[in-house]
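1. Sequence first, predicted model second:
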Amino acid sequence: MYKWIACAVLALWVASLDTQGAAQVTPLIANTGARQTISLNGPWKVIVDPYDTGMFDFHSHPLKNNNAFFKDHKPQSKSELVEYDFDSSGQLNVPGDWNTQRDSLFFYEGSVWYKRSFDYVTSAQERVFLHFGAANYQADVYLNGQELGHHYGGFTPFDFEITDKVQPKDNFIVVRVNNTRGKDQVPAMNSDWWNYGGITRPVTLIKVPATYIQDYIVQLEKGSTRHIKGWIQLDGGRLQQTVTVKIPEANIDRSFQTDSKGRAEVSFDADLKLWSPEDPKLYKVEIAAESDHVSDEIGFRTIETKGTDILLNGRSVILRGVSIHEESPNHPGRAWSEDDARTLLSWAKELGCNFVRLAHYPHNETMLRMADKMGLMVWGEIPVYWAIQWENPDTLHNAENQLREMITRDHDRASLIIYSVANETPTSDARNHFLKQLIADAHTWDPTRLVSAALLSHETPNGDRITVTISDPIAEDLDIMGNNEYIGWYVHLPADADRMDFTANYDKPLIMSEFGADAVYGLHGDALTRWSEEYQENLYQHQIAMLKRISFLRGTTPWILKDFHSPRRTLPHIQDYYNRKGLVSDHGEKKKAFFVLQKYYLELQKAQVH
């Protein structure tokens, strides 16, 4: 049966899972920005709790009395012992990581309790949801002293319905956020980015009708530039309704009937201008049921591969890209705002990019929507990174859930063309099984997009030359091969790139997903002086010459747009807990290598046009 059906049941399947393994107790609401919302952003009261005193007693049993922090209990007499008080505690801003808001929390890993009070008067025939854009890593959420549920994973959204739990006055939300790394988690113990803790993306109350449009897909059918294929999913007590899809600018007005489960398959022809980086056309799409309506800005394009070519709207395309971490260019810590997204993606556009790799985890939704508008294709990624517990079914389930949530949130974004399921993972039978399952999941849940992973390669001496081979067995199931290579930095010197010949065991396109060198902005030396701008510049020059010789190369995303924090990078006065491979410094200054890559990309762009 057509694979879109698998997509249609995706959100319902999520909701059926137990709360310990699932990301949310209610299905994710699509396009929350188009809903009636009340922002809960701003200062929240917080208690830093490194020993989880607010969760467990001294024998590690879960607290059920009034000393459990989620109860926000106040002493009822002068003799009652209560050892916490949110009201007299400090505060942190939401959204925001705690690491950059207090010097004392810069390296902190553990629990922080957040509390926010609000009033809300409900009306008849409405439902209310509490929505979190993301919280890293585990979030335990309570309303008015009652548990709502849990979420695991630091980069994807989650919802809780609170319709029957909210009261007109004096509601209080308490959230325990814990960013402790775990061997069974995704990512696991070791990563080359900062483990920012906290409620890092916006928190909102969402108001919807009693039966509402929970999710939808309105996209071109795979392989077609004229046929829309998708679905609409209702949630509520009145599931059988007439639903409509309107695209006024294209004179589209189509009606469909939902079934007893609230689902309608959507299928119709349309004459549409296709989205591309040169012309990122977005249409206003109106989706309505008898009880609800929502509008979205959606672009329509096709993406596929043929041999070693990547085809956008049926035409071969070279992906001129750069990797980006979710760190703000405008303030310390995590990026989350429109200003953050606009600045980062504007730097990519200035570089000559038509493509960005949002590494190593799902970035905030604003980045995807801004990429839609600015005409940048996107590689989205889940944090299956380095060493994972490949044999652990719970770890696989966690990875699948993060992949599912990313797809659910972003499946109508034209900019998103690639899902990546892994980065630099060591080959083994257990790992191969783990990743092949994720690849199959991505192809099933969204068959319109391509699937990749950042793979490693191996070198073989060949006289005075070196053969670099991509032979990872999971590449057989991928649409596009990614390859991370650091020739000239971690192995060899920059000029050794001139001796490299790339080959692969698979007839598929290659994206060179990482290469680069560290450089401190303003540190100068000759072309072989480590950490200098000249060394990084020299490496890029040799890399570009090497890249031009790879016949099956169809894209590059060098590492990385901007310097970013990493606890692995300890060298004083050089790294100072920064990975310095950015083409732009942490203060926004462009290094010499920026202009080397910019020149190459502008040449590629001109060649593509002609």
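-> Arrived safely.
2. In space, what's closest to Asp518 - neighbours in sequence excluded?
-> Arg580 (4.0 Å; Cβ to Cβ, 6 or more residues apart in numbering). For every residue, glycine as well, the C-beta is placed using N, CA and C.
3. okay, that neighbour: pLDDT?
-> At Arg580, the predicted lDDT confidence score is 98.
4. Make 35 the starting number, not 1.
-> Okay, residue one is now 35; in that scheme the one you just asked about reads as Arg614.
5. mind listing what it touches?
-> Arg614 sits next to 552-554, 565, 597, 603, 608 when contact means Cβ atoms under 8 Å, 6 or more residues apart in numbering.
6. Next: Gly88.
-> Applying Cβ under 8 Å, 6+ apart, the residues near Gly88 are 81, 97, 101-104, 118, 145, 147, 210.
7. Gly232 too?
-> 126, 128, 130-133, 146, 148, 169-170, 211, 213.
8. Can you tell me how far it is from Glu493?
-> From Gly232 over to Glu493 the distance is 42 Å, taken as Cβ to Cβ, to the nearest Å.
9. Equivalent analysis for Ala64, please.
-> Relative to Glu493, and taking Cβ to Cβ, Ala64 is found at 46 Å.
10. With neighbour numbers in mind, choose between these two.
-> Using other Cβ atoms under 10 Å as the criterion, Ala64 and Glu493 rank with Ala64 on top: 22 against 14.
11. Show the model's pLDDT score for the nearest residue to Pro96 once chain neighbours are set aside.
-> Excluding the flanking residues, the one nearest Pro96 by Cβ to Cβ, 6+ apart is Phe90, at 6.1 Å. Phe90 carries a pLDDT score of 96 in this model.
12. Which of the contacts of Gly88 fall in strands?
-> Judged by DSSP state E, the contacts of Gly88 include 81, 145, 147, 210 as members of strands.
13. Most neighbours out of these, which is it?
-> Neighbour max across the ones in strands among the contacts of Gly88 (other Cβ under 10 Å) = Trp147, 27 neighbours.
14. just to revisit the earlier point, farthest-separated two in the contacts of Gly88?
-> Asn101 and Ser145 (14.9 Å; Cβ to Cβ).
15. Burial check on Tyr186, number of neighbours?
-> 22.
16. do the same with Ser113
-> 6.
17. Same check on Gln642?
-> So Gln642, with other Cβ under 10 Å, has 14 neighbours.
18. Please name the nearest non-neighbouring residue to it.
-> Ile352 (5.9 Å).
19. Next, work out how far apart the one you found and Ser449 are.
-> Ile352 is 17 Å from Ser449, by Cβ to Cβ.
20. Comparing the two, which residue is more hemmed in?
-> Set side by side, Ile352 and Ser449 show more neighbours around Ser449, with 26 against 19, by other Cβ under 10 Å.
21. Contacts only, for the more buried one.
-> Per Cβ under 8 Å, 6+ apart, neighbours of Ser449: 314, 333, 402, 405-406, 409-412.
22. In those residues, which residue is surrounded by the most others?
-> Neighbour count (other Cβ under 10 Å) singles out Met411 as the most crowded of the contacts of Ser449, with 28 neighbours.
23. Model confidence score at the residue nearest to that one when sequence neighbours are not counted, please.
-> Excluding its sequence neighbours, the residue lying closest to Met411 (Cβ to Cβ, 6+ apart) is Phe389, at 4.4 Å. The per-residue pLDDT reported for Phe389 equals 98.
24. try Lys280
-> 98.
25. Quick check, it in contact with Ser289.
-> No. With contact defined as Cβ atoms under 8 Å, Lys280 does not reach Ser289; the gap is 9.7 Å.
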